[in-house]
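Engineer: Fold the stuff below for me.
(one chain, ligands or ions: 3)
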Amino acid sequence: MIEEKDLRAALKLYFIMGSPNCQSRPQQVLEDAINGGVTLFQFREKGKGALKGDEKKALGEELQWICKNHGIPFIVNDDIDLALELDTDGVHIGQEDEPLESVREKIGNKIIGVSAHTVEEARQAVNGGADYLGVGPIFPTKSKEDAKAAQGTSVITDMRKNGIRLPIVGIGGIGRGNAKSVIEAGADGISVISAIAGAGDAAIAAAALKKELT
Ligand SMILES: Cc1ncc(COP(=O)(O)OP(=O)(O)O)c(N)n1
Ligand SMILES: Cc1nc(C(=O)O)sc1CCOP(=O)(O)O
Ligand SMILES: [Mg+2]
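Structural biologist: Ligands and ions are numbered 1, 2, ... in the order given. Below you'll find the predicted structure:
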């Protein structure tokens with residue numbers, strides 16, 4: 001169980017990746033990103049060339065170990081069984097994934113993040129007991145094959161205006177130059193794949209984003 005204020009702080013610079021996103025060893029990319037200042041990590045092993053089965057589990061275990069060593073919470077994307085096997089800090093699910101109520105029954109008081117694209121989806125996630133919302137895509141992204149159209153930061157402003165108080169992290173096309181606008185719209189943090197995993201040096205990229213957010 002994580003306190004809401006600690007979760008808001010952890011969402012500040014949320015790094016998401018899996019092996020298909022990395023140009024070098026994912027373990028090294030994660031170490032570097034943490035050294036650069038990321039505050040939360042999601043293992044999202046998805047897309048072309050993604051590992052499956054035992055290989056996916058083994059990489060997840062290694063990345064979880066790195067997070068534990070640095071005191072960074074470890075979230076698994078989509079795969080509730082893996083989250084249970086590894087006893088992770090939480091999971092992230094989208095509108096097309098296993099329903100929130102059933103995930104909550106399975107994982108108890110671990111963190112559950114839910115993707116929300118509209119005020120109505122955000123309300124449903126709040127009522128269903130989500131711990132945070134992933135809202136996007138804010139800007140155009142190349143990192144998710146089935147991403148919806150970019151919505152701009154107004155989707156976050158709208159949620160806040162309509163009384164959504166749950167922690168929110170913006171996602172999609174966020175990087176240097178636009179990160180601050182996501183926070184100014186009312187998000188607690190930003191989540192990124194390519195701005196860190198696709199950078200030549202993940203530590204420098206993470207540190208630059210962190211600086212932009214302060
Ligand atoms: C923080 C965060 N927000 C949104 C998503 C997207 O989840 P989803 O819509 O289920 O899509 P996939 O990531 O599963 O392709 C996320 N992963 N993290
Ligand atoms: C995983 C994911 N979910 C999205 C959503 O809109 O729900 S956009 C996205 C990809 C984010 O990658 P990048 O930071 O490289 O744009
Ligand atoms: Mg999903």
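
Engineer: Need the phi and psi values for R123.
Structural biologist: The phi/psi pair for R123 (degrees, to the nearest 10) reads phi -60, psi -40.

Engineer: ok, the residue nearest to it when sequence neighbours are not counted - how many residues close by?
Structural biologist: Excluding the flanking residues, the one nearest R123 by CB to CB, 6 or more residues apart in numbering is I164, at 7.1 Å. Every residue, glycine included, has its C-beta placed from N, CA and C. Neighbourhood size, I164 [other CB atoms under 10 Å]: 20.

Engineer: With ligand 3 as the reference, measure out to I164.
Structural biologist: Look at I164 and ligand 3: by CB to the ion, to the nearest Å, they are 20 Å apart.

Engineer: same thing with G189?
Structural biologist: On the measure of CB to the ion, G189 and ligand 3 end up 19 Å apart.

Engineer: number of nearby residues for that residue?
Structural biologist: For G189, the count of nearby residues is 26 (other CB under 10 Å).

Engineer: my guess is the residue nearest to R123 meets N127, correct?
Structural biologist: No - shown here, I164 and N127 do not form a contact pair, counting by CB atoms under 8 Å, at 11.1 Å.

Engineer: In terms of helices and strands, where is the residue nearest to R123?
Structural biologist: Using DSSP states H and E, no element contains I164; it sits outside every helix and strand.
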